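# Fold the following and give me the result.
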Amino acid sequence: MLLNRPHALLAAGLLLSLLGACGGVDPCETTVCPAPGVCTPQGESAACLCDGYSCATPRGNEDARMQQEATLLASSPERHVDSLARGGTYAPVRYYAFTAVAGHTYAIGCEPLTLPSCVVRLFDSQFHSFGGLSAGPGETVDALYQPTANGTYYLAFTGKELSDTGTFRYWFEDLGPDDVSDFAAGAGHRDPSPLPFSGTLERVGDRDVFTTASVAGRTYQLRCELPGATGNWALAFYGLEGQPAANAVAVGQTSLTVQFTPSFAGALYYSISSWLPDGATGAYQCTLLSGTDDHGDTVDTATALAVPGSASGTISLPEDLDVFSATLEATHLYELKVTCSAYGSDRCALALKDPDGRPVTAALPGRFTAESTGRYTLTVSGSAGTRYSLTLTDLGIDPQGGSFEDAQPIATDGTPVSGSLSYEGDEDAFAFEAVRDRVYRLTCDFSAANGPVPAPDFWSASGQRLGLVVQQAPHSETLFEASATQRTYVKLQSYSFSGPQVPYTCRLVEAVDDHGDAPAQATPVSVGASATGRLEWGWDVDVFSLALPAEQIVRVSPQSDLPDGLFIEVRDMEGNLVTWTSGPALLGGGAAGTYFLHVRPLNRQQGGTYSLGLEDLGKDEHGNLPASATPLALDTVVDSWIDTPGDVDVFALTLERGRIVTLRCTADDGSCTFDLARSDGSRLYMNAGPTQQWVAPEAGTYFLTVRTSGRQHYTLVAEDSGLDDHGDTRDTATPLVPGVPVSGRSDYLYDWDLFRFEGTAAGAYRIRYTPEPGDTQPLQLWLPAGARQVPAPGDPGLTYIDVPTAGTVVVRVRSTGRYTVLLEDLGPDDHGDTVTTATDAQVGAELSGTLETALDTDAFRFAVTPGQTYQVEYLSGPAVQSTVLRSDGQLCPQNGDGSFTPCDTQPHVLLVSGITESAWTDRSAYRVRVR
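Residues are numbered from 1 along each chain as shown. Reported below is the predicted structural model:
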């Protein structure tokens, strides 16, 4: 049978195609058309079509034509173009022949081009048809064929209608031998076995078909691995009619499983195939297993098991489950025994569920207690071929219930309760009413046990574990402090042990907590007294409240009979941690308030008795606030201690304005820092130290707050470094008087000196700054609006200032040593510098003036006649440059010799200035003329 490749393994009728290779029938072989009819396949039926052409015996005529007209094909992956044309007395058809080799696979295809449709039919050497495939416009016949015998085979290409003509593309390729046949006729024989078999999918679209003799009602399972598979492949079982009865498809997976239970006996076919279009290829390994299911796989099909009772069975396949059901009684103890025999293992997987479907957590096989009455289900699973037998026995009522609902009462006065854990995983539960803030101690004796037993614990009704195990079995001890009054449970449970039972004796004792566990329940204590208490268990906490006045210092001295001692946390009223200690410690020394001492065992393992001594050490020697600050004199060393964690020492330092002070604070561990603030609380420095130099910006009292890391010894000194010679701000700047030199120096690391003078309108000034040799720090000037400054050429110590409008000039000196500053007044400007302030002049008159500074410009205004040429002449004095402006301030161009022609009828302005600022000297007289 010809198999179209695009119809992959799951296509309708594929298995019929698969099995048809050994008996398929072309519908035209059973249809005789009277002349001039021609038999043409129409799917699974046939039709006789007559178009006026003579064809007396259609079958015989076609056989003869195939022998006479067939073109021998050679295998090639290339595609060729051919055509169908009308001619002679026959319908258009093209015949090809090829030499077939049994077991080889041949790829055959056809694609219509101008031909409306393309039909491909295959014939063996006896001209028996193996069916036909057709493709319409835009479709393709892409077929595989695998002959079972050698010989010459024929291909016939036609249109779907006998009158169809046109071109088509065809191809023919021998894909070579297949290790396993693609069809049932050559199927490989593989019977069920735990041992795997292997094969290869040689190409995309390859299929390997196998067969085995089936038994009706028996389950067959095919498992395959295709390592490295990235494409599509599939597994399938086939029914009697050759149709897929069970299949599984993989897309990029490397393993597949398919299972089928036939209702028939005889040949059962199954296959592994590469599934088009993106089929996977490569070597595979498969296992075929079979078996009969002896017990149901679900709760509904479970096998009933009597109590007591036994059963046996076999796990026929890996996914097989055997489910049993039994009716059990609440609080009864049951024992389940199971023996297994399997390849490589002697264990079965067991799962037991209660009537509500919840898993029973007991270790199985073994003993367990039924918590409710009803139908329980047991599921047995294992590897394929596992044989097992099981026995279920009722051992009677469990003396102690294992659930909270069945819990037995236990007294809190130490009355013993005894019992026995009957099996691995057995639980015994007891209940009592716990009272808030009381402590409960549970001790149990398991000395008769032959193996390890977990210590019992306390539980809430919601299933929360509450206790602390301080000692394990065989003599266990568990403690619990109730945070609320509620029903509480004690649960005992066995794990693994030797012997059938674990006997025990337990006692529960209630004790009252002597001190509260939180600040709200804290016990008040006072300075000079002592506090005693008992920590009832390892997680017990006793809280005390201690009220201290401001700057009061207390030494806390703990003592206890606990092996590792106490751990004490000190917190303030907001709950912030102040300090912690496990030995003697100092507290207080700060603001007034209440402190809370949280006392607990250091190692949390056990309780014990203790005492706390609270010794009064008096007031802090230095106050903690400005109101209680200690006066600090200059050059006086303070030798003191920061007494307690969080303590600070505050000192008051009274200074005049400009006093320079160097603060030095030295702690034994190097941790001394300080804050410096004015009397209004505004801070000048924060966390400074250990050394800081500064100058008092104004006269008054300053507060110094000293702190260290914990209790530390420190020394403090405020060294007098003298007065600042000049102010550091505009308000404290030293006035400069023209002609009077002023001396100064850098008094401390970040010192700068400010000077000021009042500049007059149109004034010109020179500042002469003389620092020590090597000092390259320049002057800084703050000028009034419109003022300009320029350094003197070749002398960075000279600065010229031109002040057009009156205002304050501020000079700042940042020196590394000593210096002098001299202000020189160069006098008022003799002529205005702008168009609006220009001096009126006449053409032809001599114009004279003085450039007071290198920045100075003199302006002269004169009337002009349009069209007249004017010449600017230099008469005497240093070199100057001239610029001619219109009355609106716009430039009027000059010629190279200084001549110009007026730009309009309005007066023009002549500007006289130095040729360059660097070539000018102050107070330079000149004479010029415009003619």
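# first to last residue in stretch 111-124, what's the distance?
Distance across stretch 111-124, first residue to last, is 23 Å (CA to CA, to the nearest Å).
# same thing with stretch 585-593?
18 Å.
# what residues does that stretch touch?
Here stretch 585-593 makes contact (CB atoms under 8 Å, 6 or more residues apart in numbering) with 546-556, 568, 570, 572-573, 578-579, 595, 617, 620, 624-625, 643-644, 646-648, 711. All C-beta spots, glycine's among them, are computed from the backbone N, C-alpha and C.
# now do stretch 893-908
Contacts of stretch 893-908 (CB under 8 Å, 6+ apart): 861-873, 882-888, 890, 892.
# Give me the buried positions along that stretch.
Within stretch 893-908, the residues that qualify as buried are Q894, G898, F900, P902, C903, P907, H908, counting by 16 or more other CB atoms under 10 Å.
# Between those residues, which sits nearest G608?
Ranked by distance to G608 (CB to CB), the buried residues of stretch 893-908 are led by Q894 at 108.9 Å.
# buried sites along stretch 650-662?
Per 16+ other CB under 10 Å, stretch 650-662 contains these buried residues: V650, F651, A652, L653, L655, G658, R659, I660, V661, T662.
# who does D413 bridge with?
Taking DSSP bridges as the rule, D413 bridges to V509.
# List buried residues within the contacts of stretch 585-593.
Buried among the contacts of stretch 585-593 (16+ other CB under 10 Å): 546, 548, 550-556, 568, 570, 578-579, 595, 617, 620, 624, 643-644, 646-648.
# Okay, and which of those map to strands?
546, 548, 552-556, 568, 570, 578-579, 595, 617 (DSSP state E).
# S476: which of these is nearest?
The closest of those, once distances to S476 are taken by CB to CB, is I568, at 30.0 Å.
# right, and that closest one touches S582 too?
Yes: at 7.1 Å, I568 counts as touching S582 under the criterion of CB atoms under 8 Å.
# joint contacts of those two?
With CB under 8 Å, 6+ apart, I568 and S582 have common neighbours P558.
# For F197, see how far away Q881 is.
111 Å (CB to CB, to the nearest Å).
# now Q126
In terms of CB to CB, Q126 sits 35 Å off from F197.
# what about the two, which has more around it?
Set side by side, Q126 and F197 show more neighbours around F197, with 15 against 7, by other CB atoms under 10 Å.
# for the more buried one, what are its contacts?
R190, Q285, C286, T287, L288.
# List the residues that contact the last one.
The one in question is L288. When contacts are taken as CB under 8 Å, 6+ apart, L288 is in contact with R190, D191, P192, S193, F197, F210, T212, Y220, Q221, L222, Y270.
# how about 10 Å then?
190-197, 210, 212, 220-224, 268, 270 (CB atoms under 10 Å, 6 or more residues apart in numbering).
# Stretch 189-203: end-to-end distance?
22 Å.
# so how far is that stretch from its chain's centroid?
Mean-position distance between stretch 189-203 and its chain equals 47 Å (CA atoms, centre = their mean, to the nearest Å).
# try stretch 372-381
45 Å.
# any chance of the buried residues of stretch 893-908 in TSV, plus secondary structure?
Output for those, formatted as TSV (DSSP: H, G, I helix; E, B strand; the rest coil):
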residue	secondary structure
Q894	coil
G898	coil
F900	strand
P902	coil
C903	coil
P907	coil
H908	strand
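# These into a markdown table, with extra columns for pLDDT and distance to R367?
Output for those, formatted as a markdown table (pLDDT from 0 to 100; distance: CB to CB, whole Å):
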| residue | pLDDT | distance to R367 |
| --- | --- | --- |
| Q894 | 93 | 123 |
| G898 | 88 | 127 |
| F900 | 94 | 126 |
| P902 | 95 | 128 |
| C903 | 94 | 123 |
| P907 | 95 | 127 |
| H908 | 95 | 125 |
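# buried subset of the contacts of L288?
R190, P192, F210, T212, Y220, Q221, L222, R223, C224, L268, Y270.
# now the helices for the stretch 451-600 of the chain?
In the stretch 451-600 of the chain, no helices are found when defined by DSSP state H, counting those that start in this stretch.
# Any stretches of it with poor pLDDT?
Within the stretch 451-600 of the chain, the ranges that satisfy pLDDT under 70 run 451, 495-500.
# let's see it at 50
Along the stretch 451-600 of the chain, the model assigns pLDDT under 50 to residues 498-499.
# Repeat that for the chain.
Judged by pLDDT under 50, the stretches of the chain that qualify are 1-25, 35-36, 50-60, 498-499, 917-920.
# so where do the helices sit in it?
14-19, 58-69 (DSSP state H).
# How is this structure divided into domains?
31-177, 191-291, 303-397, 408-512, 541-619, 626-723, 734-828, 839-930 (automatic domain parsing).
# Mind putting those into a markdown table with distance to A520?
Listed next are the domains of the chain as a markdown table, based on distance: least, CB to CB, whole Å:
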| stretch | distance to A520 |
| --- | --- |
| domain 31-177 | 86 |
| domain 191-291 | 64 |
| domain 303-397 | 41 |
| domain 408-512 | 12 |
| domain 541-619 | 9 |
| domain 626-723 | 24 |
| domain 734-828 | 53 |
| domain 839-930 | 80 |
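# who wins for proximity to G528 among these?
Short answer: domain 541-619, nearest of these by CB to CB, at 5.0 Å.
# what's the first-to-last distance across that closest one?
Note: domain 541-619 ends 30 Å apart using CA to CA.
# Need the buried residues of stretch 893-908 in a markdown table (columns: distance to T485).
Output for the buried residues of stretch 893-908, formatted as a markdown table (distance: CB to CB, whole Å):
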| residue | distance to T485 |
| --- | --- |
| Q894 | 110 |
| G898 | 114 |
| F900 | 112 |
| P902 | 113 |
| C903 | 108 |
| P907 | 109 |
| H908 | 109 |
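# from those, which is closest to A925?
G898 (19.9 Å).
# so how far is the first residue of stretch 668-688 from its last?
OK, stretch 668-688 end separation, CA to CA: 17 Å.
# and what of stretch 818-838?
First-to-last residue span, stretch 818-838, CA to CA: 44 Å.
# Compute the distance between A677 and N687, please.
12 Å.
# And for the closest residue in space to T729 that isn't next to it in sequence, the neighbour number?
Closest residue in space to T729, ignoring its immediate chain neighbours: L754 at 6.6 Å, by CB to CB, 6 or more residues apart in numbering. The tally of other residues near L754 (other CB under 10 Å) stands at 19.
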